[in-house]
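# coordinates for the following, if possible.
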Amino acid sequence: MWTDSHCHVPYEGVALDAIDEAAAAGVGRIITVGTDAEQSAAAIEVARSRPNVWATAGLHPHEASRGLEEVERLLATRGPEVVAVGECGLDYHYDHSPREVQRSVFAAQVALASELGLALVIHTREAWDDTFAILSAGPRPDRLVFHCFTGGPEEARRALDLGGHLSFSGIATFKGADDVRAAAALCPADRLLVETDAPYLAPAPHRGRPNRPAYLPLVGAALATVRGVEVGTVESTTTENAATVFSLPGVGG
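Down below sits the predicted model:
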């Protein structure tokens, strides 16, 4: 059984039937991720209504200017279906929110995840130094997920030194992503995760079309090739790792 450690259902163009489609493809567990209060609430609703689906609640750096209060309220009333804070972090590529606001809101969510004992799902784009600086500046949760990892070996080692898990997406199948594949090759087996980020970043041969959680095995196969192991090894290892980092029931539990 595969675990999609990061996708976005039922919103952003991905319908609820995608969960059933994924299960038929062997993707038996899904973490659906919030990016603001509304989408976090939608993710929580799906997780409450569907078995083997869990949710996160957080404020994406694009939305940092909206403030964290509503997300904090969701987390204060969370149930066991909520397994992480995020996605949150820094995005200096688009700068949809001012960088100082991004940094403040990210730091607040790092502290919140630590206080609540939840995992932290991190989005970082063109902001590695500031991301690592904020994570190193004060209390942080024990469980960190660098979602849709886009760095190379240097960034991977720095993330791993902080205790992070590296979650690889369909980018690992892209022709120009040699640095990402190098990072995937060096990642310790017990820190490796796999995700779709659906409906974004569909893997080859579906690139350019809406992504689906059912495509996760294609990402896993790419990682298996890079790491020189059987696909089944990536499947079982990443599912076990997801259970650990998100405090999910044991497989079959």
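
# C-alpha from now on. contacts and neighbour counts both.
Noted.

# number of residues surrounding Ala24?
11 (other CA atoms under 10 Å).

# show me what contacts it?
Ala24 makes contacts with Ala214, as judged by CA atoms under 8 Å, 6 or more residues apart in numbering.

# skip the chain neighbours and tell me the closest residue to His123.
Gly89 (4.8 Å; CA to CA, 6 or more residues apart in numbering).

# isn't the one you found up against Gly58?
No: the pair Gly89 and Gly58 fails to qualify as a contact (CA atoms under 8 Å) at a distance of 9.8 Å.

# check which residues of stretch 95-109 are buried.
Across stretch 95-109, burial judged by 16 or more other CA atoms under 10 Å covers Ser97, Pro98, Arg99, Val101, Gln102, Arg103, Val105, Phe106, Ala107, Gln109.

# chain center to it, what's the gap?
18 Å (CA atoms, centre = their mean, to the nearest Å).

# for stretch 181-194, same thing?
With CA atoms, centre = their mean, you get 14 Å for stretch 181-194.

# any weak-confidence spans in the stretch 1-150 of the chain?
For the stretch 1-150 of the chain, residues meeting the criterion pLDDT under 70 lie at 11-14.

# all helices for the stretch 51-200 of the chain, in order.
Taking DSSP state H, counting those that start in this stretch as the criterion, the stretch 51-200 of the chain carries its helices at 69-76, 99-116, 128-137, 153-161, 178-186.

# helices or strands up against the longest one?
Helix 99-116 sits against strand 82-91, strand 119-125, helix 128-137, with contacts defined as 3 or more CA pairs under 8 Å, 6 or more residues apart in numbering; DSSP states H and E.

# what's the angle between that helix and strand 82-91?
160 degrees (axes from the mean of the first three to the mean of the last three CA atoms, to 10 degrees).

# report the inter-axis angle for helix 99-116 versus strand 119-125.
Using the same axes, to 10 degrees, helix 99-116 lies at 160 degrees relative to strand 119-125.
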